[in-house]
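Engineer: the following comprises the amino acid sequence and a computationally predicted model.
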Amino acid sequence: MDEIDRVIIAALQQNGRISLSEIGRRIGLSHVSVRRRLNNLSKNILKVTVGLNARRMGFHLAIVSAEVETPKRLQEIIRVLLNCPRIIFLAKVTGAYNLMAIMIAENMETLNAMVEHCSVRAYEGIRRSEVVIAEAPIIPKYLPVRMVVDRSSDVAPCGMECGECIRYKHEGCLACPATKYYRGPL
C-alpha cells in the first residue's frame, strides 16, 4: 500500500459513494487507474461495505468479555456466535479474558435481555464474564450490522427460542433479528 492507495481509502472512508472519476481528479489519475488500484486493494486488504448510523438507529452496545474454560469450548462458542446478527465484533483476546464480543440492541430492554440470557456470558463453559453497557459509539459512527433477510426460523442462530422467552412475551425484548418473532427496525 502506497500513498496513492491511502488517499483512495481515505476518500472512500469519507464518502463510500464517491465516484472513481472524482477520486482520480483529486490525485491526478484516470478512473481506470483508480479502479485497478481499488481492485488490487480489494483482493488483499480492503472491503467496501455498508454501515448503519448507530446513533440514528438508537443502538446501545454491550461489550462482553469472557473467560472460557477450555480452548475447545472457546472454539465451539465462537462457531455459534459467528451467525449472531447482533454481534458486530468478536475476537479472541489475551489477559484476564480470552473472548470479547460487542453486541448491538435497538433499545435497553432488548440489551438487558441479551446480557442476561442471550449473550456470551450465558453459555456453558464460561468461568466468568464482565459486561460494559455503552451508548452508540462516537467512532465509528457507522456500524457493520448484518441484515437478515430470511426470518422464517423459530430458533435464533444461538439456539434460543425467542417465542418462548418471558422477556419477549412481555414486550421487553424485540427478539433476534434472525427469527420470525423479531419486531424491530432491522
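Structural biologist: Yes, it's here.
Engineer: adjacent strands (with direction) for the one helix or strand A101 maps to?
Structural biologist: Element membership of A101 [criterion: DSSP states H and E] is strand 99-105. The pairing partners recorded for strand 99-105 under DSSP bridges are strand 60-68 (antiparallel), strand 87-92 (antiparallel).
Engineer: what comes into contact with the shortest one?
Structural biologist: The reference is to strand 87-92. 74, 78, 81-82, 98-104, 143-145 (Cβ atoms under 8 Å, 6 or more residues apart in numbering). To be clear about C-beta, it is placed using only N, CA and C from the backbone, and glycine gets the same treatment.
Engineer: can you select the buried ones among the residues you listed for me in PyMOL?
Structural biologist: For the buried members of those, the matching PyMOL selection, counting by 16 or more other Cβ atoms under 10 Å, is:
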select buried, resi 74+78+81+98+99+100+101+102+103+104+143+145
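Engineer: ok, of the contacts of strand 87-92, which one's closest to R35?
Structural biologist: Ranked by distance to R35 (Cβ to Cβ), those are led by P144 at 23.9 Å.
Engineer: from I87, how far out is the closest one?
Structural biologist: As judged by Cβ to Cβ, to the nearest Å, P144 and I87 stand 10 Å apart.
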